[in-house]
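Undergrad: A predicted structure for the sequence below; I have some questions about it.
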Amino acid sequence: MPATDHRNLSDGAARPRRAALDTYGPTVLVAAVAAAVLLLGPSVVRRLADERTDARVRHAAARLGEGSVLEAFNAAAADVARMVEPSVVHVSTAATMTDAGSGRSVMMTSSGSGWIFDREGHIVSNAHVIDGAERIDVQLHNGVLRRATVVGLDLATDIAVLRIEADRLVPATRGRSESVRQGDMVFAFGSPFEFRFSMSSGIVSGLGRSAGLTDVDFENFIQVDAAINPGNSGGPLTDIRGHVVGMNTAIATNRGSTTGTQGQFAGIGLAIPMAMIESVVAQLIAKGEVDRGFMGVRVGEIDDTMARLLQFEGRGVVVRQVESGGPAERAGLRTRDVITHVDEQPISLTTQIPAMVASRQPGDSIRLRIWRGGSGEAPGGSADLDIVLDKLDPALLAERPSRALRRFGVLELVTASGLRAASIGAAVQRGVLVTAVEPGSHAARTLPTGSVIVAVNDQPVATVDQLYARLARIAGPRSVPRMVPRVVTVTAVAPDGQRLSVTVPM
């Protein structure tokens, strides 16, 4: 009997097992892996994700540690704060008001901001911040508190100059608003909601803006999206070098609102450009009042019909009227000319022209770029005109009140000064001097020549500009019909020193 080959038997037995493994092995392996993934997968996936996150954090931290654009920006913003803060001041005011209900006197307080103009202690702020105040205190960045006196205020531009006595003042570095462009980064300083010496940042959203503010005659604002809130008024607006290019003055919450505290920040802040500030402040410091340039034109918007008629494409304002014998006519400006630039600054709104001209002084020259439409077969074209400005009569800004004063019998008013008072034998008194009245008129009996007007409706006046500005606000806009006649109470000092209270219908 032959011997049994156990190896062959074993191979024979193993062959079905290998066949089974070949058949079912992959399925079992996949099932095992799937089971492992189900059991261990979430933790593995989380661990891998965590490791990737840790790696990203380490790499980002390393890059930031080596220096980045954000680090440079952060350092630059901090440097602007260090440079500007010593020149920013907090302004607090107090005034006695009569409570309408009880008739009792109540002390009212308010606050705003300002900035140091020079080492002589002149502080620049908004006129609406300090107007009517009986007491004004200025707090410096180091906490020092000083009583301030009013050097002058210009209601038409909402600019005021105060003065304090203090040593080692740090004046702001003044820049040029003409170099400001849309998109430039800016910083606003001040004391919003009494959070003193605050700073916000943003960009210039637009230039040459008008918000229809009822308390400002000349609007040519810089529009910014830096947060400006009640209390920021009067604070400086600076560029990225810390140079003051404007002054925060208003929050645009709705058309026709007044300056100051109407509403809260809504993404649109307005600032007075430095070009206007420089002109007004220098004059207030030198003589306490402002002389403005006068060109002698009225301008209007250009509609599609007018643009086609003039063969004009682009932005500008059309000349509606040229005053006979005025600076514009002498320079050759005509009606229906389109003004596109003033001193190389683009013009797109009618409010820009009066504001830019008023920021110049009499005798200054400005250059207009105009488009003059063709006639017949002749094509239109551009030209430059140089215009030497005359002095603006403040009465032109208040047509209703000026007519009312003439009806009352007041023929001539000037800002009071020692020389002017002496010329007509009047007493020296800060205010507006009546230099001529119509004989036999109401004014001749109640407000004679030599009287000095010192207040209107208990609001002080120190210049002819201020007088007409206050009267214009009482009379209301000329575009709004007046249904009920208004009257104002004029307080004056007569030539003999007697205090007068005169009612003048508007």
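TA: That came through, no problem.

Undergrad: Where does pLDDT dip in the stretch 1-150 of the chain?
TA: Flagging of the stretch 1-150 of the chain using pLDDT under 70 yields the residue ranges 1-42.

Undergrad: Can you show me the helices along the stretch 301-450 of the chain?
TA: Assigned by DSSP state H, counting those that start in this stretch, the helices in the stretch 301-450 of the chain fall at 304-310, 327-331, 352-358, 399-408, 418-423, 442-446.

Undergrad: Just say which of these is most tucked in.
TA: helix 352-358 (a mean of 23; mean count of other C-beta atoms under 10 Å). Yep, even glycine has a C-beta here, placed from its N, CA and C like the rest.

Undergrad: packing partners for that helix?
TA: Under the contact definition 3 or more C-beta pairs under 8 Å, 6 or more residues apart in numbering; DSSP states H and E, helix 352-358 sits against strand 293-294, strand 338-342.

Undergrad: redo that, cut-off 7 Å
TA: Judged by 3 or more C-beta pairs under 7 Å, 6 or more residues apart in numbering; DSSP states H and E, helix 352-358 is in contact with strand 338-342.

Undergrad: which one of the helices of the stretch 301-450 of the chain lies closest to R163?
TA: helix 418-423 (20.1 Å; C-beta to C-beta).

Undergrad: For G269, list each beta-bridge partner.
TA: V224, I251 (DSSP bridges).

Undergrad: Hmm, N229 and it touching each other?
TA: No. The pair G269 / N229 is not scored as a contact, 8.7 Å apart, by C-beta atoms under 7 Å.

Undergrad: And the two? Which one has more around it.
TA: G269 (28 against 22; other C-beta atoms under 10 Å).

Undergrad: mind listing the helices for the stretch 101-250 of the chain?
TA: Counting by DSSP H, counting those that start in this stretch, the stretch 101-250 of the chain has helices at residues 127-130.

Undergrad: Could you pull up the residues touching S177?
TA: By C-beta atoms under 7 Å, 6 or more residues apart in numbering, the contact set of S177 is I222, V245, G246, P273, M274, A275.

Undergrad: List the residues that contact A148.
TA: Contacts of A148 by C-beta under 7 Å, 6+ apart are I123, I136, D137, V138, L162, R163, I164.

Undergrad: My error: substitute V129 in the last question.
TA: Neighbours of V129 in contact, by C-beta under 7 Å, 6+ apart: V91, G112, A160, S233, G234.

Undergrad: distance of the fourth one from S111?
TA: If you measure S233 against S111 using C-beta to C-beta, to the nearest Å, the figure is 9 Å.

Undergrad: Ok, E329 next?
TA: 48 Å.

Undergrad: One more: R407?
TA: From R407 to S111 the distance is 41 Å (C-beta to C-beta).

Undergrad: try N232
TA: Note on N232: its distance to S111, by C-beta to C-beta, is 11 Å.

Undergrad: Looking at the two, which one has more neighbours?
TA: N232 (31 against 21).

Undergrad: need the contact list for that one.
TA: S113, A188, G190, P192, N248.

Undergrad: Let's see the pLDDT reported for the residue lying closest to the fourth one once chain neighbours are set aside.
TA: In this case it means P192. Distances taken as C-beta to C-beta, 6 or more residues apart in numbering put N229 closest to P192, at 3.7 Å, once the chain neighbours are dropped. As predicted, N229 sits at a pLDDT of 85.

Undergrad: Could you do P327 as well?
TA: On the pLDDT scale, P327 gets 96.
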